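Asker: need a 3D model of the following:
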Amino acid sequence: MFDDFLFRATLASIGVALAAAPLGCFVIWRRMAYFGDATAHAAVLGVALSLTFSAPIFVWVLAVCLVMAMTVSSLSGKGFAMDTLLGVMAHSSLAIGLVAVSFLSGVRIDLMSYLFGDILAVGKTDLMVVWGGALMVLLLIIWRWSGLLLSTLNPDLALASGFNPKREQLILTIALAVVVAVAIKVVGVLLIAAMLIVPAATARPFSSSPEMMAIVAAAFGAVASLTGLRASFLLDTPTGPTIVGVSAFFFVLTTIVTLILSFAKNSAIQR
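Answerer: Prediction:
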């Protein structure tokens, strides 16, 4: 089965969705959407460094994303606004990475596959990296769920309960960097933020608790990945953008249904 490229692509898309969607809930709750996007853009510099030193892409992308995230976290509140720092770091690392890639000679580079993903080219090693990273992120979220959630809702209450908000922020940053590193092969650096945010935003109207939102988001992400992969195969469209497009369609559809139900409920109350 693992010799079938569609089977490998299916497993890779599910692995990324199961890791990215629950993490995306924290990204939404903490209003860190731009942070996730900036981390993804920094991955291009990691790709350039990995090609330069002929090292695994996962290692360099993870290292660059962690350095970027920690630099922003350490400089924020010291005369720099968070959004300014994110903008400078994200676009600078993206530009430097693209320029560095152009200087590589003797290396065949499919830049589009790094920007928008090339899930159909996922190999067995890539599949192991994706699922290893996904399981790491899921176990990290489950292990630190109480601390992460309490630090997100009320940092002072978290500190009083024995949780260090800065440590929880660091754990979230590490998990985000791992997701970016494993998802680059599936949807590319320009679409990773969508895999984090869109399923979580879609799950919000159907969730009565934070735990439920994380589970529903993972389900929406997995279904969107499978549907997008199938649609891409049938329509001969780019797989990564198709998966994100399907996720966006689910978000629009659920939003419309929620608005209709809310309007009908309000009309019934008024009567």
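Asker: the most centrally placed residue in the chain in helix, strand or coil?
Answerer: Nearest residue to the geometric centre of the chain (Cα atoms, centre = their mean): L196, 3.8 Å. Here L196 is recorded as helix under DSSP: H, G, I helix; E, B strand; the rest coil.
Asker: is it in contact with F26, as I believe?
Answerer: No - the pair L196 / F26 is not scored as a contact, 9.3 Å apart, by Cβ atoms under 8 Å. In short, each C-beta sits where N, CA and C put it, glycine included.
Asker: between those two, which contacts overlap?
Answerer: Common contact partners of L196 and F26 (Cβ atoms under 8 Å, 6 or more residues apart in numbering): none.
Asker: and the helix or strand containing I260, what does it pack against?
Answerer: Under the criterion of DSSP states H and E, I260 resides in helix 239-270. Where contact means 3 or more Cβ pairs under 8 Å, 6 or more residues apart in numbering; DSSP states H and E, helix 239-270 is packed against helix 192-203, helix 210-235.
Asker: buried deepest among those, which one?
Answerer: helix 192-203 (a mean of 27; mean count of other Cβ atoms under 10 Å).
Asker: what angle separates it from helix 210-235?
Answerer: Counting by axes from the mean of the first three to the mean of the last three Cα atoms, to 10 degrees, helix 192-203 lies at 120 degrees to helix 210-235.
Asker: which residues sit against helix 192-203?
Answerer: 16-17, 20-25, 27-28, 33, 36-37, 40, 43, 176, 179-180, 183-184, 186-187, 213-214, 216-221, 224, 243-244, 247-248, 250-251, 254.
Asker: any weak-confidence spans in the stretch 151-271 of the chain?
Answerer: By pLDDT under 70, the weakly predicted segments of the stretch 151-271 of the chain are 271.
Asker: circling back: drop anything exposed from the contacts of helix 192-203.
Answerer: 16-17, 20-25, 27-28, 33, 36-37, 40, 43, 176, 179-180, 183-184, 186-187, 213-214, 216-221, 224, 243-244, 247, 250-251, 254 (16 or more other Cβ atoms under 10 Å).
Asker: hang on, isn't S247 packed against V223?
Answerer: No - between S247 and V223 there is no contact, the gap being 9.2 Å when judged by Cβ under 8 Å.
Asker: ok now stretch 8-25, how far from the chain's centre?
Answerer: With Cα atoms, centre = their mean, to the nearest Å as the basis, stretch 8-25 stands 9 Å off its chain's centre.
Asker: I142 - how many residues pack around it?
Answerer: Applying other Cβ atoms under 10 Å, we find 10 residues neighbouring I142.
Asker: now it: which helix or strand?
Answerer: helix 124-143.
Asker: now do the helix or strand just after that helix: which elements does it pack against?
Answerer: Note on helix 124-143: by DSSP H and E, the next helix or strand toward the C-terminus is helix 145-153. Counting contacts by 3+ Cβ pairs under 8 Å, 6+ apart, helix 145-153 packs against helix 5-29, helix 155-160, helix 165-183.
Asker: just the CA trace of the helix or strand following the longest one, in PDB.
Answerer: To tie it back to what came earlier, the one meant is helix 5-29. As assigned by DSSP H and E, the chain's next helix or strand after helix 5-29 is helix 33-53. C-alpha atoms of helix 33-53 as PDB (Å, rounded to 0.1, in the frame of the first residue of the first chain):
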ATOM      1  CA  ALA A  33      -3.000  34.200  13.200                       C
ATOM      2  CA  TYR A  34      -0.300  36.600  12.000                       C
ATOM      3  CA  PHE A  35       2.300  34.800  14.200                       C
ATOM      4  CA  GLY A  36       1.500  31.500  12.500                       C
ATOM      5  CA  ASP A  37       1.700  33.100   9.100                       C
ATOM      6  CA  ALA A  38       5.100  34.700   9.900                       C
ATOM      7  CA  THR A  39       6.400  31.400  11.200                       C
ATOM      8  CA  ALA A  40       5.400  29.700   7.900                       C
ATOM      9  CA  HIS A  41       7.100  32.400   5.800                       C
ATOM     10  CA  ALA A  42      10.300  32.000   7.800                       C
ATOM     11  CA  ALA A  43      10.400  28.300   6.600                       C
ATOM     12  CA  VAL A  44      11.600  29.400   3.100                       C
ATOM     13  CA  LEU A  45      14.900  30.500   4.700                       C
ATOM     14  CA  GLY A  46      15.100  27.000   6.300                       C
ATOM     15  CA  VAL A  47      14.600  25.400   2.900                       C
ATOM     16  CA  ALA A  48      17.400  27.500   1.400                       C
ATOM     17  CA  LEU A  49      19.800  26.500   4.300                       C
ATOM     18  CA  SER A  50      18.900  22.800   4.000                       C
ATOM     19  CA  LEU A  51      19.600  22.900   0.300                       C
ATOM     20  CA  THR A  52      22.900  24.800   0.800                       C
ATOM     21  CA  PHE A  53      24.200  22.300   3.400                       C
END
